[in-house]
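In: Model the following, please.
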Amino acid sequence: MRKGFALALTAALLASCSGGHQQAAGGASGVGKVDGALLTTGGDGSDWAMTGFNYSEQRFSPLTQVNDGNVGQLGVAWYADMPDARGQEATPIVIDGKLFVTGPWSKVFAFDAATGKQLWTYDPKVDPQKGVQACCDVVNRGVAAWKGRLYLGTLDGRLIALDAATGKEDWSVQTTDKAKPYTITGAPRVVKDMVLIGNGGAEFGVRGYVTAYDAATGAKKWRFYTVPNPTGAKDGEASDAAMAKVAPTWSANGQWKQSGGGGTVWDSIVYDPELDQLYLGVGNGSPWNHGLRSEGKGDNLFLSSIVALKPETGEYLWHYQETPAESWDFTATQPINLATLKIDGKDRKVLMQAPKNGFFYVIDRTDGKLINAGQYIPGVNWATGYDLKTGRPIENPAARFYKTGKPFLALPSAIAAHNWQPMSFNPKAGLAYIPAQIVAAGYMAGNAPLDQAKPIGFNVGENMDALMYPRDAATIKAATAGATGLLVAWDPVANKPRWTVKYPTPWNGGTMTTAGNLVFQGTSLGEFRAYAADTGKQLFAYPVGTGVMAGAATYMVDGTQYVAVLAGRGGALPLSLGYAYGKGAEVPNHPRLVVFKLGGKEKLPATTAPDSAPVPLPVATGTPEQIAQGRALFGRYCQVCHGASAAGGGGVLPNLQRSGALGSADGWKSILIDGALKDQGMVSFARVLTPDQAQLIRYYVIDEAHWAQKNLNTDGAAPVAPAR
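Out: Next comes the predicted model:
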């Protein structure tokens, strides 16, 4: 026994020292070794076995081979071009020298993590027409690994188990009602042989929930709804007791009775092995407008809340609501980091989150009590701060636009002070690294009947014209200059920033940090950077040829440390921001996985900028009344994918001001009404638009394009006679 133990110990030590291919007890290797023990500790850093590294989701690696003294020597070890030029949001996971990453349309790719050799691919064959129900691009944020399997959530609501060795499907379960506009974009989590998955769709009208499935078979274990049943009935689920308590925080009437209320858990699901608790980050209301959703009444729990559950049963434990009576798409779905901090001389087990609303929260995770809430971007104007006794925000009354009847220019906006891009926490430096941004937007109630729910398009209960730009070049120039990004190193104990890096554009990448005193982040203008974790000094920058949104991962194979990041643009901001996206829209969109190591010599191929050749425009023929009607319809149905004021799609989807279809009324109708491009994701809008209304949108886009060429110096050629 002693001899066998000694041999096993020696083998384990040798594997640990080699920096890769170590085996777990019992001889398991590869994804077969991934269990609760590995995900609790994260191991020695050789693997990056889950999207947030380990259950604390700090995205902190103990590796130090690459450090603040030599990071400037990083070069490309290998790269792989990805097939779909849509949003690339996944963090790779790496186990025993194999790298697994997802791309748009929920596709999965497996590579040799040292050489880049592709091992297998998996395509769940999502119907392209599902894209119209994805609020923020057809993205996916990664897979979970557990005991030989990978778990994938698909855009059309399936949870799929794959054999990690082959990519073959083991089982699949439909987690959503296919008749409703649910989507899945987040990475599953695995806890105690259960796979946990949430969903999205609150912009369109759904009721949020999280479900636990047996990891081996896909059998449902429990479900927790995050908002009450609009019918008032019990669901027969783990959430029933909690829903009975929170139902009085919703009105007896309001649009939530039809929409479902929202509260989707589309990203952050975090397990706490120290306290054996599960934390859900709950999303926005459906519709956004609290005045319509709940008659302006009640806090509407559990919207914009952190909710703690018992993982085995889904039983409710506690909650903290960050934004009561949510009305601005201020979700609490952003990444959550767990840590133990010394506050006022005492060790406190906390969770930390920088959600959309601009405040950084430090919450006692034993009971959900608020410890700190500080503004992490300047200029937040919906609230001035938080009352730490009550845990409630000190609101600006003007922010409740549905009460004042006046427009409210909010900072932050629905685009967020911090969106989905991963935040990280370095326990050595004691700092959280927030990929923050400054993007304002207007909110306005009214414009019935367009604020009523429709079967296609955002159903947010607001005048979407408020998100469009006025025809004033100076205002658009100011909006573009004001839309910027920040990397904020936040001290959660002092409740203030330690250092900040400013970026000229928003929508920069997620962060990853290491014991080598480093923070890694990509930029929207096409660089992958490293900063000193303690001071913020820039130490490394590499042009990857395309914008970066995703968070990086780092790992070891055969004694060499690698850093991997998925590059490529997309997501909510590029699609919807329009003119103010500025230089971000000029960056090529060439999706690729890029992997670095010290002394890497591989060269990335050159990328080309988007086509900027002048486009002949049809003569503007719409009357002022037709153009105004078309503008309202465009704002209601089109701008979230093709940009505010028809100004873009961010180089991800077509810029309609440059569309060849503008010149033909019949061609325009064939796309918007007849569904000629449905197989490319552009579905027919015949359920919400008449052919005449489709032409009103065309008149508006033509007129807007002429104005932009004349006043904003956008590319264009002399007008041509319109085809009839």
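In: so how many other residues sit close to the residue nearest to residue 591 when sequence neighbours are not counted?
Out: Spatial nearest neighbour of residue 591, excluding adjacent residues (Cβ to Cβ, 6 or more residues apart in numbering): residue 568 at 3.2 Å. C-beta coordinates here come from the backbone N, C-alpha and C atoms, glycine included. Neighbour count of residue 568, defined by other Cβ atoms under 10 Å: 29.
In: Contacts only, for residue 568.
Out: 82, 85-88, 546-549, 589-592 (Cβ atoms under 8 Å, 6 or more residues apart in numbering).
In: same thing but at 7 Å, please
Out: For residue 568, the contacting residues are 82, 85, 88, 546, 589, 591-592, by Cβ atoms under 7 Å, 6 or more residues apart in numbering.
In: Most neighbours of all those, which one?
Out: residue 88 (31 neighbours).
In: Wait, residue 96 touches residue 29, no?
Out: Yes: using Cβ atoms under 7 Å, residue 96 is in contact with residue 29, at 5.5 Å.
In: Between those two, which is the more surrounded one?
Out: Neighbours were counted for residue 96 and for residue 29 using other Cβ under 10 Å; residue 96 has more, 23 against 14.
In: Leaving out sequence neighbours, find the closest residue to that one.
Out: Residue 96 sits nearest to residue 30 (Cβ to Cβ, 6+ apart), 4.6 Å away.
In: ok, the one you found - how many residues close by?
Out: Neighbours around residue 30, by other Cβ under 10 Å: 18.
In: what about it, distance to residue 276?
Out: Applying Cβ to Cβ, to the nearest Å, the value for residue 30 to residue 276 is 28 Å.
In: do residue 650 as well
Out: Separation of residue 650 from residue 276 (Cβ to Cβ): 43 Å.
In: which one of those two has more residues nearby?
Out: With neighbours defined as other Cβ under 10 Å, residue 650 and residue 276 compare such that residue 650 has more, 31 against 12.
In: Tell me, what's the model's pLDDT at that one?
Out: Here the pLDDT value assigned to residue 650 is 83.
In: Residue 427 now?
Out: 98.
In: dump the residue contacts of it.
Out: 60, 339.
In: What separation do you get for it and residue 277?
Out: In terms of Cβ to Cβ, residue 427 sits 20 Å off from residue 277.
In: where along the stretch 401-550 of the chain do the helices fall?
Out: Under the criterion DSSP state H, counting those that start in this stretch, the stretch 401-550 of the chain carries helices at the ranges 401-404, 473-482.
In: One more: the chain?
Out: 2-18, 36-41, 240-246, 256-259, 290-293, 401-404, 473-482, 572-576, 624-637, 639-642, 665-672, 691-712 (DSSP state H).
In: Residue 452 is nearest to which of these?
Out: helix 290-293 (8.9 Å; Cβ to Cβ).
In: For that closest one, name the packing helices and strands.
Out: helix 401-404 (3 or more Cβ pairs under 7 Å, 6 or more residues apart in numbering; DSSP states H and E).
In: List every C-alpha atom in the helix it packs on, with coordinates, as CSV.
Out: Taking Å, rounded to 0.1, in the frame of the first residue of the first chain, the C-alpha atoms of helix 401-404 are listed here in CSV:
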residue,chain,number,x,y,z
PHE,A,401,-39.8,58.9,-17.9
TYR,A,402,-43.2,57.2,-17.9
LYS,A,403,-44.2,59.2,-14.8
THR,A,404,-42.8,62.6,-15.9
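In: So what touches it?
Out: The contact list for helix 401-404, computed with Cβ under 7 Å, 6+ apart, reads 289-291, 296, 327, 398, 407-408, 443-445.
In: Please report which of those has the highest neighbour count.
Out: Neighbour counts for these (other Cβ under 10 Å) peak at residue 327, which has 34 neighbours.
In: looking at it, it is touching residue 290, isn't it?
Out: Yes: contact criterion Cβ under 7 Å: residue 327 and residue 290 qualify, at 4.1 Å.
In: Give me the distance between residue 145 and residue 629.
Out: 52 Å.
In: neighbour-wise, which of these two wins?
Out: Using other Cβ under 10 Å as the criterion, residue 145 and residue 629 rank with residue 145 on top: 30 against 18.
In: how about the more buried one, what does it touch?
Out: Taking Cβ under 7 Å, 6+ apart, we find residue 145 in contact with 31, 34, 49-50, 93, 95, 164.
In: hmm, try it at 8 Å
Out: 31, 34, 49-50, 93, 95, 100, 151, 164, 190.
In: and if you look at residue 194?
Out: 212-215, 221, 311.
In: next one: residue 534
Out: 429, 431, 517.
In: which one of those sits closest to residue 700?
Out: residue 431 (47.3 Å).
In: Could you report the separation of the nearest residue to the closest one once chain neighbours are set aside from residue 146?
Out: Of all residues not flanking residue 431 in the chain, residue 489 sits nearest, at 4.6 Å (Cβ to Cβ, 6+ apart). Applying Cβ to Cβ, the value for residue 489 to residue 146 is 33 Å.
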